[in-house]
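Colleague: show me how the following folds:
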Amino acid sequence: MAKRERVVRMSVEQPLWRALTAYRVGTMVYAVLIFVFARNDYERPWVAIAFLAVMCVWTLATLPKVANAASCTKRFLIADLTVALTGILLTPLADQHAQSVDGPTLPTIWTAGAVLAYAIKGGWRWAGFASSLVAVANIIERAHPSRDTLHNVLLVWVASIAIGYVVEVARASERTLARALEIEAATRERERLARDIHDSVLQVLAMVQRRGTALGGEAAELGRMAGEQEIALRTLVAGGLNRPSLVSEDESEGAVVRFVEEPDDDAPVDLRALLVPRAGAKVTLSDPGAPVLLPQAAGRELAAAVGAALDNVRVHAGEDARAWILVEDWPDEVIVTVRDDGPGIPEGRLAQAEGEGRMGVALSIRGRLRDLGGTAELISVPGQGTEVELKVPRGTRPTDARGKAGTR
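Modeller: Predicted structure coming up:
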């Protein structure tokens, strides 16, 4: 079934930009209100009015600049900080009395917005640079800085550097998460390819080896070569699953990339219809009287896992072994049990098979169920047969819905 891949991009720092936008507008209104209520105290109110008008126009006109990291350019940051510093230095000209009473500057706390923009854009180093310039401007504006002035300067300096450091940590975490998600997606794709190889090429090579050995002569040599290629291919598949992938990192705006695969057709399918072909003279199918509906991808994967379990019965339990398939339809999950009357699996055999590169149970059964969000439990007692219980929760969408039946 054809699939398409959708990329979802998110950034944990985006809420910081939205908060900064709101902060700039709010502090702009606050600075205007401070002037309105204290306008009679200004010696030259026209200086304050002129600056506040420029500050308001600048704030509203540059709102798109603080929407995200890409829009917030270095040129804007320099201009924005210049406006803030100009407002601080113009305060004595508008109200010389402010120097002696330690009153607010013309931009008041609007200045912190310019410093925060540096912190979010460039981290703690940029924040330290901007807050240091603001500190110098405040000391010059006060002429004789008081304890409160030094306290406020230190507070802005520490707070901005702390925010810048948090932003840097968040970006590093995003890059780590993006890399982990890409590695997971690549690993699942390799597992899907390994299942396809196991269910097709390795099956054919194993059959050629067995038939060639049985026929003898030149066919035996052909079987020997097929056996060697089977071992080499199994080793390659097993090694590829355990090898970490090399993936690129997308560092733009701390973006996190998640791969979401969407089936083209989510119409439900009756699991019974998919399992009926598996029934026969030696395989008994027991199912509910009503349809067992699952998404098509999930139904096909579950049916393929059942086929893998039946292949195991045919290959390992002998030609005369019988098998039973029981389908249980529960409100929150679907359970399919495959049981046989074969000799069972010796203890440690599955671990040994995986060590030899035989991934039938690991990939064709457990791998499929894991991708469906379900589980596969195998119970085997030597001399009493084997039982495989497959559980799939309702409403699942598999990470990978391709593959055929295989053997362990």
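
Colleague: drop to CA atoms for contacts and neighbour counts, all remaining ones
Modeller: Noted.

Colleague: gap between stretch 370-382 and the chain center?
Modeller: How far stretch 370-382 lies from its chain's middle: 26 Å, per C-alpha atoms, centre = their mean, to the nearest Å.

Colleague: endpoint to endpoint, it covers what distance?
Modeller: Start-to-end span of stretch 370-382 (C-alpha to C-alpha, to the nearest Å) is 27 Å.

Colleague: average pLDDT across it?
Modeller: Stretch 370-382 shows an average pLDDT of 86 in the prediction.

Colleague: now swap in stretch 277-297 and tell me
Modeller: 86.

Colleague: with adjacent residues omitted, what lies nearest to Ala94?
Modeller: Arg44 (4.6 Å; C-alpha to C-alpha, 6 or more residues apart in numbering).

Colleague: ranges for the helices of the stretch 301-408 of the chain?
Modeller: 349-355, 368-371 (DSSP state H, counting those that start in this stretch).

Colleague: please apply the same query to the stretch 151-300 of the chain.
Modeller: 201-215, 218-242, 271-275, 296-316.

Colleague: shaky segments in the stretch 101-250 of the chain?
Modeller: 101-102, 143-146, 148-149, 190-204, 228-250 (pLDDT under 70).

Colleague: ranges for the strands of it?
Modeller: Per DSSP state E, counting those that start in this stretch, the stretch 101-250 of the chain carries no strands over any range.

Colleague: measure Pro15 to Ala61 for me?
Modeller: In terms of C-alpha to C-alpha, Pro15 sits 20 Å off from Ala61.

Colleague: cool, and Gly113?
Modeller: Taking C-alpha to C-alpha, one finds Gly113 at 15 Å from Ala61.

Colleague: which of those two has more residues huddled nearby?
Modeller: A count of neighbours by other C-alpha atoms under 10 Å puts Gly113 above the other of Gly113 and Ala61, at 22 against 10.

Colleague: buried ones in whatever helix or strand Thr59 lives in, by neighbour count?
Modeller: Per DSSP states H and E, Thr59 falls inside helix 45-61. Buried residues in helix 45-61, counted by 16 or more other C-alpha atoms under 10 Å: Pro45, Val47, Ala48, Ile49, Phe51, Leu52, Met55, Cys56, Thr59.

Colleague: quick check: the first one touching Phe51?
Modeller: No. Contact between Pro45 and Phe51 fails when scored by C-alpha atoms under 8 Å: they sit 10.0 Å apart.

Colleague: if the residue nearest to Thr284 when sequence neighbours are not counted is in a bridge, with which residues?
Modeller: Leaving aside its sequence neighbours, Thr284 sits nearest to Trp324 (C-alpha to C-alpha, 6+ apart; 4.7 Å). Taking DSSP bridges as the rule, Trp324 bridges to Thr284, Arg339.

Colleague: roughly how far does the nearest residue to Ala317 once chain neighbours are set aside sit from Val336?
Modeller: Leaving aside its chain neighbours, Ala317 sits nearest to Gly342 (4.6 Å; criterion: C-alpha to C-alpha, 6+ apart). From Gly342 across to Val336, the span is 19 Å (C-alpha to C-alpha).

Colleague: how is the residue of the chain most remote from its centre assigned, secondary-structure-wise?
Modeller: The C-alpha centroid of the chain is most remote from Glu43, which lies 58.9 Å away (C-alpha atoms, centre = their mean). Classification of Glu43 using DSSP: H, G, I helix; E, B strand; the rest coil returns coil.

Colleague: spatially nearest residue to it, not counting backbone neighbours?
Modeller: Asp95 (5.2 Å).

Colleague: surely that neighbour touches Arg44?
Modeller: Yes. Using C-alpha under 8 Å, Asp95 is in contact with Arg44, at 6.5 Å.

Colleague: these two - which one has more neighbours?
Modeller: Asp95 (20 against 16).

Colleague: how many neighbours does the closest residue to Ile163 other than its chain neighbours have?
Modeller: The shortest distance from Ile163 to any non-neighbouring residue, by C-alpha to C-alpha, 6+ apart, is to Ala119 (6.3 Å). Using other C-alpha under 10 Å, Ala119 has 28 other residues around it.

Colleague: who's in contact with Ala119?
Modeller: Arg125, Trp126, Ala127, Ser160, Ile161, Ile163, Gly164, Tyr165, Val167 (C-alpha atoms under 8 Å, 6 or more residues apart in numbering).

Colleague: and for Trp17?
Modeller: Val66, Ala67, Asn68, Ala69, Ile120.

Colleague: might you report the residue contacts of the last one?
Modeller: The contact partners of Ile120, by C-alpha under 8 Å, 6+ apart, come to Glu13, Leu16, Trp17, Ala69, Ile163, Gly164, Val167.

Colleague: and the gap between the second one and Asp332?
Modeller: Spelled out, that is Leu16. Taking C-alpha to C-alpha, one finds Leu16 at 40 Å from Asp332.
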